[in-house]
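1. this is the structure alone, sequence omitted:
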């Protein structure tokens, strides 16, 4: 299953701008009501589009809302629906905030809000508080990256992680323990609702997963390559060349095997780190 936590972007910044304009106190109450309505309507739309359509008539919905208020959302959902639900929610949140803030007293909200989300994939017996903590940490990391792009409007995105250990205390420790292979990082997110330089979109991630699920895809070979990458990168390079040589051009093209690494500046360091998208895609294809 998955625990999803989503949170609106730039709300505090826009409230400060609004406060400087000196509106009536009633405007702040109106702001709260409008945001709450937009979040609820976005969650309702995502539920209808994803959960309801993928539930047989008479079955219980594989979905439980935990928090739904203000610009916050926390839900438990069946694992295979999590990415689609989160994408639908982020899209609907942008649309609904534009609708709700039409005619609002402060012009700083007229373009609506964006949101970021974290998805923690856990087993059903995993302690719930750890799952929520991880989803919140993933959401916070997604926000950090998105805000670091220094746009006037922080872009919507999501970040996910499948738990392999008994529990996770800190997401940064997960990166150090599970996602490093020398100067290569196996995590590729966050994934954005719209195109951003150097990062993939949620649609691209979904496409890679669909390709990997095909019977003829080189999924098992690429999984072995990822394992070797953490042991001997020279041998891994030879394996990758072999995979590209025996794999059809369609899979080489669709899975971006000729551009398997994206170079980014490592946070807090001067050197550049190469990230690969295949680990995320393979992990997600197994859910």
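-> It's in. A quick note: this is a predicted structure, and the numbers were derived from the prediction, not measured.

2. every contact and neighbour count from this point should use C-alpha atoms.
-> OK.

3. counting neighbours, what do you get for the closest residue in space to residue 80 that isn't next to it in sequence?
-> If the residues on either side of it in the chain are set aside, residue 80 comes closest to residue 287, at 5.8 Å by C-alpha to C-alpha, 6 or more residues apart in numbering. For residue 287, the number of neighbouring residues by other C-alpha atoms under 10 Å comes to 13.

4. likewise residue 49?
-> Using other C-alpha under 10 Å, residue 49 is surrounded by 15 other residues.

5. show me the contacts for it.
-> Residue 49 sits next to 85, 88 when contact means C-alpha atoms under 8 Å, 6 or more residues apart in numbering.

6. look up phi and psi at it.
-> phi -70, psi -30 (degrees, to the nearest 10).

7. flag the shaky bits of the protein, pLDDT-wise.
-> Along the chain, segments meeting pLDDT under 70 span 166-170, 266-271.

8. which residue ranges of the stretch 101-250 of the chain form strands?
-> 115-121, 157-162, 180-181, 184-185, 191-192 (DSSP state E, counting those that start in this stretch).

9. can I get these in a markdown table with mean neighbour count and distance to residue 198?
-> Formatted as a markdown table, the entries for the strands of the stretch 101-250 of the chain read as follows, by neighbours: other C-alpha atoms under 10 Å; distance: least, C-alpha to C-alpha, whole Å:
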| stretch | mean neighbour count | distance to residue 198 |
| --- | --- | --- |
| strand 115-121 | 30 | 18 |
| strand 157-162 | 25 | 14 |
| strand 180-181 | 18 | 19 |
| strand 184-185 | 22 | 14 |
| strand 191-192 | 24 | 10 |
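
10. with respect to residue 19, which of the ones you listed lies nearest?
-> The closest of the strands of the stretch 101-250 of the chain to residue 19 is strand 115-121. By C-alpha to C-alpha, the value is 21.7 Å.

11. check what contacts that closest one and list those residues.
-> Strand 115-121 is touched from outside by 1-9, 79, 82-83, 86, 90, 93-94, 131-132, 134-140, 142-143, 155-163, with contacts defined as C-alpha under 8 Å, 6+ apart.

12. turn the strands of the stretch 101-250 of the chain into CSV, columns for distance to residue 246.
-> Written out in CSV, the entries for the strands of the stretch 101-250 of the chain read as follows (distance: least, C-alpha to C-alpha, whole Å):
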stretch, distance to residue 246
strand 115-121, 33
strand 157-162, 30
strand 180-181, 25
strand 184-185, 25
strand 191-192, 30
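
13. which of the contacts of strand 115-121 are buried?
-> By neighbour count, with 16 or more other C-alpha atoms under 10 Å, those hold 1-9, 79, 82-83, 86, 90, 93-94, 131-132, 134-140, 142-143, 155-163 as buried.

14. quick one, what contacts the residue nearest to residue 141 when sequence neighbours are not counted?
-> Sequence neighbours aside, residue 159 is the residue nearest to residue 141 in space, at 7.7 Å (criterion: C-alpha to C-alpha, 6+ apart). Contact analysis of residue 159 by C-alpha under 8 Å, 6+ apart lists 117, 118, 119, 138, 139, 141, 142, 189, 190, 191.

15. against residue 138, how distant is residue 159?
-> If you measure residue 159 against residue 138 using C-alpha to C-alpha, to the nearest Å, the figure is 6 Å.

16. relative to the whole chain's centre, how far out is the helix or strand containing residue 279?
-> Residue 279 belongs to helix 278-285 when assigned by DSSP states H and E. Computed by C-alpha atoms, centre = their mean, to the nearest Å, the separation of helix 278-285 from the middle of its chain amounts to 13 Å.

17. so what touches it?
-> Under the contact criterion C-alpha under 8 Å, 6+ apart, helix 278-285 has outside partners 162, 186-188, 205-206, 208-210, 212-213, 219, 222-223, 226, 255, 260.

18. now with 10 Å?
-> Under the contact criterion C-alpha atoms under 10 Å, 6 or more residues apart in numbering, helix 278-285 has outside partners 79-80, 83, 121, 160-162, 179, 185-189, 204-213, 219-220, 222-223, 226-227, 255-257, 260-261.

19. I figured residue 41 hits residue 93, correct?
-> Yes. The pair formed by residue 41 and residue 93 meets the contact definition of C-alpha atoms under 10 Å, at 7.9 Å.

20. quick check: neighbours shared by those two?
-> residue 35.
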